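1. just need the structure, nothing else, for what follows:
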Amino acid sequence: MKFTKLFAAGATVLIAGSTLAACGGNSNSSSGSSKKTINWMDSAEIPTMDISKATDVTSFNQLGNVEEGLYRLGNKNKVEDALATSTKVSKDGKTWTFTLRPSKWSNGDKLTAKDFVYSWRRTVNPKTASQYAYLFEGIHNATKISAGKAPVNSLGIKAEGDDKLVVTLDKRIPYFKLLMGFPLFFPQNQKVVEANGSKYGTSSKTTAFNGPFVQKGWTGSNLSWKLVKNKNYWDKKNVKLDAINYSVQKTPSTAYNLYQSKKLDATVLDAQQTKNLKHNAGYTLRDTAATFYLQFNQKRKIFQNANLRKAISMSINRKALGNALGGANTPADSLTAKGVVNHDGKDWASVVGDKESASYNPADAKKLYQKALKELGVKTVSFTILSDDTDAGQKTTETLQSQLEENLKGMKVSVANVPFKTRLNRSTNGNFDIVVSGWSADFADPISFVDLFTSKNANNNGKWSNAQYDKLIADSKTTADNTKRWNDLEKAEKILLSEEGIAPLYYKTEAWLVRPDIKGIVYNGAGLNYNFKEAYVSGN
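-> Sure, this is the predicted structure:
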């Protein structure tokens, strides 16, 4: 999932009072006025509530709490039955039959197996232009349909009555159950989608919900909304919270002030706050299973030069950048995030990491820069680095600008910091020189990362391309030999890193203060980050 940045350094820890303009009134878990409502924050506005079009952590965190699929992901990514009451798998692993429990949509409509069929077909339909359609690869005919080479109704999913769903795969998919817990594969209400047309998922009112909560008050661009317990949810007896008041907080000092005045029940911390507050009650580190990296727009001739890309990478002091951003961020030398995949007793990030090109080496960077200028036939280069308008986004671009101009004399670096939604749009449309991107694992497998940079993947915004890389990724998806699969994945990521197809920056670990009386939140770095279904306020 695309990852928005949170806070960075530059703000001191303030105690002064502030006010919170959040929907849902003043009810909060800490004031004593209500013990079933909590006030939560996000660092960015919601881009979309359309399952077929969402690509980012902010959207999926919302979708995972207001929608539900066959499974939910519990603690440590444990797959738990949700709408599926039973699952049968054929001996060859290619046919999955799910029996669905009785359930309803928030508008009272009956939820049936046909809602899954409609949702999946809509996502793989090339007319929808879903950037995530590639995750359906391996489900019968999905890739052909996305390429416009097969009819949408030939997708390997069918409803047998209201409560039986049958999925047919072209090949065994090792991580299929994890995929089914990811919101991309959840059902959609055809009546609501078609009634709202292009406006579907652009506000709370144009979306239907079937999860533990329903969303209210989001207009498509505002910075506050709330999640309210869904009275039609099949398991509502186990949903303990009445409401979660959300507000977008882009400034660390403001968020901390709101936490201090008990108007927020959780706040993410910047660098200075991390140092000052790490011994406080409620101090929590969240491993986001995310890597931040630079994408170079290969439509610009200068970024087609590998030596220039490598010079830029080796001019970046990643440790200093991580320190500036707070939390417990660590320098990255791989695309696959650390701590996400364990293979043969080793962290996969350490297996594939390219320590040389991700090392801070200004001397070698200068030599590569001079070589690149000669190859390009120019005396200098200039470009703009694009990122979010959060504190972290601004601190990142400022730090990179300073380091690059200091270490590579004559290089002219400008910065552009825009709202998260705008940055996603500009990235997708190729409207950038270099963009700071972040990706969090959808599930605990390297393919969740390396699939991004195949030539035709919609998330490959810089359009880096390598035929051998494409072949290795394709082979890893079709081989029945598990050893070969892992070898292909390793070779592929090493090609991407050695050619500086991207420049890894850091692995993101966030530091938070969370009110100690809030219990039962399930957090997973990969997939759905925050699962509030069974969260509660202790003492209630």
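
2. now stretch 189-200: average pLDDT?
-> Mean pLDDT, computed over stretch 189-200, is 98.

3. now stretch 243-263
-> Across stretch 243-263, pLDDT averages out at 95.

4. same deal with stretch 365-380?
-> For stretch 365-380, the per-residue pLDDT averages 97.

5. before we move on, what about stretch 316-334?
-> 90.

6. what are the buried residues along it?
-> Neighbour-count burial for stretch 316-334, counted by 16 or more other Cβ atoms under 10 Å, picks out 316-318, 321-327, 329, 331-334. The way it works is simple: take the backbone N, C-alpha and C, and place the C-beta from them, glycine included.

7. now the end-to-end length of that stretch.
-> Criterion Cα to Cα, to the nearest Å; first-to-last residue distance in stretch 316-334 is 15 Å.

8. distance between it and the chain's centre?
-> 19 Å (Cα atoms, centre = their mean, to the nearest Å).

9. now the helices for the stretch 201-350 of the chain?
-> 252-260, 271-277, 306-314, 318-325, 348-352 (DSSP state H, counting those that start in this stretch).

10. kindly reformat these as a markdown table containing distance to Arg423.
-> Shown next, in a markdown table, are the helices of the stretch 201-350 of the chain (distance: least, Cβ to Cβ, whole Å):
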| stretch | distance to Arg423 |
| --- | --- |
| helix 252-260 | 20 |
| helix 271-277 | 22 |
| helix 306-314 | 19 |
| helix 318-325 | 17 |
| helix 348-352 | 25 |
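
11. which one of those helices lies nearest to Gly520?
-> For these, proximity to Gly520 was assessed by Cβ to Cβ; helix 252-260 is nearest, at 19.7 Å.

12. same for the closest one, what does it pack against?
-> The contact analysis (3 or more Cβ pairs under 8 Å, 6 or more residues apart in numbering; DSSP states H and E) places helix 252-260 against strand 37-42, strand 266-268.

13. and the gap between Ile518 and Leu285?
-> 16 Å (Cβ to Cβ, to the nearest Å).

14. out of these two, which sits in the busier spot?
-> When neighbours are counted by other Cβ atoms under 10 Å, Ile518 and Leu285 differ, and Ile518 comes out ahead with 20 against 13.

15. who does the more buried one bridge with?
-> Val537 (DSSP bridges).

16. equivalent analysis for the one 5 residues further on, please.
-> The bridge-partner assignment for Tyr523, based on DSSP bridges, gives Tyr530.

17. run a quick neighbour tally on it.
-> Quick note: Tyr523 (other Cβ under 10 Å) scores 16 neighbours.

18. Lys110 now?
-> Residues near Lys110, counting by other Cβ under 10 Å, number 11.

19. that one and Arg300: what is the separation?
-> Note on Lys110: its distance to Arg300, by Cβ to Cβ, is 53 Å.

20. quick one: stretch 124-142 to chain centroid distance?
-> In terms of Cα atoms, centre = their mean, the centre of stretch 124-142 is found 18 Å from the chain centre.

21. ok, which stretches of the stretch 51-200 of the chain are strands?
-> Ranges of strands in the stretch 51-200 of the chain, per DSSP state E, counting those that start in this stretch, are 71-73, 79-81, 84-89, 95-100, 157-159, 164-168.

22. hmm, who's touching the last one?
-> What that stands for is strand 164-168. Strand 164-168 has contacts (Cβ atoms under 8 Å, 6 or more residues apart in numbering) with 70, 94-100, 113, 116-117, 139-140, 156-160.

23. just to revisit the earlier point, winner for burial among the strands of the stretch 51-200 of the chain?
-> strand 71-73 (a mean of 23; mean count of other Cβ atoms under 10 Å).

24. who does that one touch, helix- and strand-wise?
-> strand 79-81, helix 176-180.

25. and that strand, average pLDDT?
-> Rounded mean pLDDT across strand 71-73 is 91.

26. starting from that strand, tell me which strands it pairs with and how they run.
-> strand 79-81 (antiparallel).

27. as a whole number, average confidence for the strand it pairs with?
-> 93.

28. which intervals of the stretch 1-150 of the chain have sub-threshold pLDDT?
-> Residue ranges of the stretch 1-150 of the chain with pLDDT under 70: 2-34.

29. show me the helices in it, by range?
-> Along the stretch 1-150 of the chain, counting by DSSP H, counting those that start in this stretch, helices occupy 57-66, 113-124, 142-146.

30. please render the ones you listed as CSV that adds mean neighbour count to the earlier fields.
-> Converted to CSV, these look like this (neighbours: other Cβ atoms under 10 Å):
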stretch, mean neighbour count
helix 57-66, 24
helix 113-124, 23
helix 142-146, 21
